[in-house]
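Colleague: Quick one, fold the following:
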Amino acid sequence: QVQLVESGGGLVQAGGSLKLSCAASGRTVAGYAMGWFRQAPGKEREFVAARKWSGDTTYADSVKGRFTVSRDNAKNTMSLQMNSLKPEDTAVYYCAADSRGRAFVEVTHYNYWGQGTQVTVSS
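Modeller: Okay, here's the model as predicted:
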């Protein structure tokens, strides 16, 4: 089993930056794809970004050019650098892992999830 714990959420003004982190424990996530999703109140959970073990990355159109996902494979960690934040980025952000390494955008392809961290962007 893999446990994922997110950190780094908080309140920031529009135009500001935050960096989220995700730490994996329980077993190595070598070969796994890891991703970030978010869920705003009253909305479905949506894909934000993902990174394969190989380093290939995928981003949602809404965050391209503003967010950057990175991984430290040796430390079993993943980060999401979020710049130029907008009020519409407000959501609970979740870290997820896909043991099959595919980095798809659909929620159903990820078999491990963290508890989430709140990001609030004020206007």
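Colleague: which non-adjacent residue is nearest the most centrally placed residue in the chain?
Modeller: For the chain, the residue nearest the mean C-alpha position is Trp36 (2.1 Å; C-alpha atoms, centre = their mean). Nearest residue to Trp36 in three dimensions, chain neighbours excluded: Val48, at 4.2 Å (C-beta to C-beta, 6 or more residues apart in numbering). Quick note: C-beta positions are derived from backbone N, CA and C, even for glycine.
Colleague: name the element that neighbour belongs to?
Modeller: Val48 belongs to strand 46-51 when assigned by DSSP states H and E.
Colleague: Pull up the pairing partners for the helix or strand following that strand, direction included.
Modeller: Using DSSP H and E, the helix or strand that directly follows strand 46-51 along the chain is strand 57-59. Strands adjacent to strand 57-59 in the sheet, as given by DSSP bridges, are strand 46-51 (antiparallel).
Colleague: still on that earlier bit, while we're on the residue nearest to the centre of the chain, how confident is the model there?
Modeller: pLDDT, Trp36: 98.
Colleague: quick one: contacts for the residue lying farthest from the centre of the chain?
Modeller: With distances taken as C-alpha atoms, centre = their mean, the residue sitting farthest from the centre of the chain turns out to be Ser123, at 22.6 Å. Neighbouring residues of Ser123 by C-beta atoms under 8 Å, 6 or more residues apart in numbering: 14, 87.
Colleague: So that it lines up with my notes, have the first residue be 48 from now on.
Modeller: All right, first residue 48 from here; so that's Ser170.
Colleague: separation between it and Tyr159?
Modeller: Distance, Ser170 to Tyr159, by C-beta to C-beta, to the nearest Å: 34 Å.
Colleague: Please consider this matter closed, and thank you.
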